[in-house]
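Q: Build me a model from this:
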Amino acid sequence: MNPTQETLPPQVSVLITSFNSVVPLRRSLAALEASEARDRMEILVVDGGSRDGSAAVDTDFPGVTVMRLPRYFGATKMRNIGVRTAKGEYILFLSPTVLVRPDTVRLLADAMETSPELGAVSPLVLDGAGQPARQLMPLPTPLNIGEAAGGNLSEIAAAAGEGALDVDIPTFKALMTRRQTIAGMNYLDERFGEAWSDVDLCYKLRKAGKKIQVLRDVRADEAPDGLWRPSTSVAAAFAADRAVGASRFAGKHFSGLMGAQLRATTLLKALGSGQLSAFTRIANGQIIDGTEVISG
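A: Numbers count the residues shown, from 1 in each chain. Alright, predicted model coming up:
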């Protein structure tokens with residue numbers, strides 16, 4: 001390279017958070033390495049204290065930057081660590097279970113580049129049968145927020161078809177937005193732990209009048225086998241995190257009274273079903289944020 005030639009910054013920073021999921025992580029990284037315009041992309045992995053080799057993937061993928069955290073700090077805080085490190089104009093949040101195709105990242109960035117009215121875009125994620133995978137969330141409202149707190153507001157698949165599809169909330173399974181957008185919001189809201197920061201981000205984008213789309217002609221594939229699954233006790237901590245997140249979202253975007261009512265409802269539900277651990281966590285407003293060790 002000519003020593004006087006200036007190195008261009010990356011256009012896209014791909015950000016993956018990972019915990020004990022080395023098999024899908026390696027597949028996802030291999031797919032990213034085969035991307036078109038790889039030289040305009042940086043790949044960041046934020047690892048939450050994995051013990052399965054995930055934190056050492058840069059040995060086999062030297063073009064990948066791994067940020068090794070001592071323990072699992074929850075997805076929101078870990079993503080903020082990645083965003084603050086990122087140099088790209090665009091951030092692609094990606095699950096380690098998602099395999100991009102060679103043109104996926106380039107086409108998403110092209111759409112953002114040519115359409116300033118877009119706040120975020122996602123590819124159409126396909127499951128192992130080639131059908132649309134669950135990658136969207138419905139927009140929370142005062143009427144359905146209680147279902148969300150209980151985990152019943154499920155992810156849904158995009159409608160089959162071609163072309164751009166206006167949607168409410170693509171999850172962080174595969175979502176691209178502008179780095180400056182997140183920085184301008186003072187980053188993802190760390191009052192959320194594992195859940196709800198993607199919902200909060202998209203809700204704010206929509207309030208700002210930005211479009212959010214799934215580009216159904218841009219594809220990626222999901223291969224979830226090998227993903228870490230929490231034990232029963234740890235799963236209860238994640239469920240409590242979701243319930244606390246729902247009440248905080250309601251208090252933030254609807255009303256403080258609604259947030260308090262939702263928290264009371266989830267407390268009563270946990271107590272009535274004998275889930276004392278969840279009751280204590282919700283009562284204390286405990287989220288997954290690194291204050292406890294996540295292991296099993």
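Q: alpha carbons only for contacts and neighbour counts from here, please
A: Noted.
Q: got any ranges where the stretch 151-296 of the chain has weak pLDDT?
A: 151-153, 296 (pLDDT under 70).
Q: how about the strands in it?
A: 156-157, 164-166, 169-170, 174-178, 211-222 (DSSP state E, counting those that start in this stretch).
Q: Quick check, Gly161 in contact with Val214.
A: No. Contact status for Gly161 versus Val214: not in contact, 10.9 Å apart, counting by CA atoms under 8 Å.
Q: Those two: which has the busier surroundings?
A: Val214 (29 against 11; other CA atoms under 10 Å).
Q: From Leu15, how far out is that one?
A: 19 Å (CA to CA, to the nearest Å).
Q: ok, which stretches of the stretch 151-296 of the chain are helices?
A: Per DSSP state H, counting those that start in this stretch, the stretch 151-296 of the chain carries helices over the ranges 179-184, 197-207, 232-253, 256-272, 276-283.
Q: May I see the buried residues of the longest one?
A: Neighbour-count burial for helix 232-253, counted by 16 or more other CA atoms under 10 Å, picks out 236-251, 253.
Q: Please save the CA atoms from that helix in CSV.
A: Output of helix 232-253 as CSV, limited to C-alpha atoms (Å, rounded to 0.1, in the frame of the first residue of the first chain):
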residue,chain,number,x,y,z
THR,A,232,-33.8,-24.0,35.1
SER,A,233,-32.6,-21.7,37.9
VAL,A,234,-30.8,-19.4,35.5
ALA,A,235,-33.8,-19.4,33.2
ALA,A,236,-35.8,-18.0,36.1
ALA,A,237,-33.4,-15.1,36.4
PHE,A,238,-33.9,-14.3,32.7
ALA,A,239,-37.7,-14.5,33.1
ALA,A,240,-37.5,-12.0,36.0
ASP,A,241,-35.3,-9.7,33.9
ARG,A,242,-38.0,-9.7,31.2
ALA,A,243,-40.7,-8.9,33.7
VAL,A,244,-38.7,-6.1,35.3
GLY,A,245,-37.8,-4.8,31.8
ALA,A,246,-41.5,-4.7,30.8
SER,A,247,-42.4,-2.6,33.9
ARG,A,248,-39.6,-0.2,33.2
PHE,A,249,-40.6,0.1,29.6
ALA,A,250,-44.2,0.8,30.6
GLY,A,251,-43.1,3.4,33.1
LYS,A,252,-40.7,5.0,30.6
HIS,A,253,-43.0,5.2,27.6
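Q: and it, what does it pack onto?
A: helix 145-149, helix 256-272, helix 276-283 (3 or more CA pairs under 8 Å, 6 or more residues apart in numbering; DSSP states H and E).
Q: Identify, out of the strands of the stretch 151-296 of the chain, the most deeply packed stretch.
A: Highest mean neighbour count of the strands of the stretch 151-296 of the chain: strand 169-170, a mean of 28 (counted as mean count of other CA atoms under 10 Å).
Q: Please name every helix or strand in contact with it.
A: strand 134-137, helix 197-207.
Q: chain center to the last one, what's the gap?
A: The gap between the average C-alpha position of helix 197-207 and the chain average comes to 12 Å, counting by CA atoms, centre = their mean, to the nearest Å.
Q: Could you give the average pLDDT over stretch 125-141?
A: Stretch 125-141 carries an average pLDDT of 94.
Q: residues making contact with that stretch?
A: Residues from elsewhere that reach stretch 125-141 (CA atoms under 8 Å, 6 or more residues apart in numbering): 98, 124, 148, 153-160, 167-171, 173-174, 199, 203, 219-223.
Q: Quick check: buried residues in that stretch?
A: Neighbour counts using 16+ other CA under 10 Å place Val125, Leu126, Asp127, Pro132, Ala133, Arg134, Gln135, Leu136, Met137, Pro138, Pro140 of stretch 125-141 among the buried residues.
Q: same question, stretch 108-123
A: Leu108, Ala109, Met112, Leu118, Gly119, Ala120, Val121, Ser122, Pro123.
Q: any idea which helix or strand comes after the helix or strand containing Ser28?
A: Ser28 belongs to helix 22-33 when assigned by DSSP states H and E. Moving toward the C-terminus from helix 22-33, the next helix or strand (DSSP H and E) is strand 41-48.
Q: just how off-centre is that next one within its chain?
A: 13 Å.
Q: Send over that strand as PDB, restricted to the C-alpha atoms.
A: Extracted in PDB, the C-alpha atoms of strand 41-48 (Å, rounded to 0.1, in the frame of the first residue of the first chain):
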ATOM      1  CA  MET A  41     -16.300  -4.300   7.700                       C
ATOM      2  CA  GLU A  42     -15.100  -4.800  11.200                       C
ATOM      3  CA  ILE A  43     -16.300  -7.800  13.200                       C
ATOM      4  CA  LEU A  44     -16.600  -7.400  17.000                       C
ATOM      5  CA  VAL A  45     -17.400 -10.200  19.400                       C
ATOM      6  CA  VAL A  46     -18.200  -9.200  23.000                       C
ATOM      7  CA  ASP A  47     -17.800 -12.400  25.100                       C
ATOM      8  CA  GLY A  48     -19.300 -12.600  28.500                       C
END
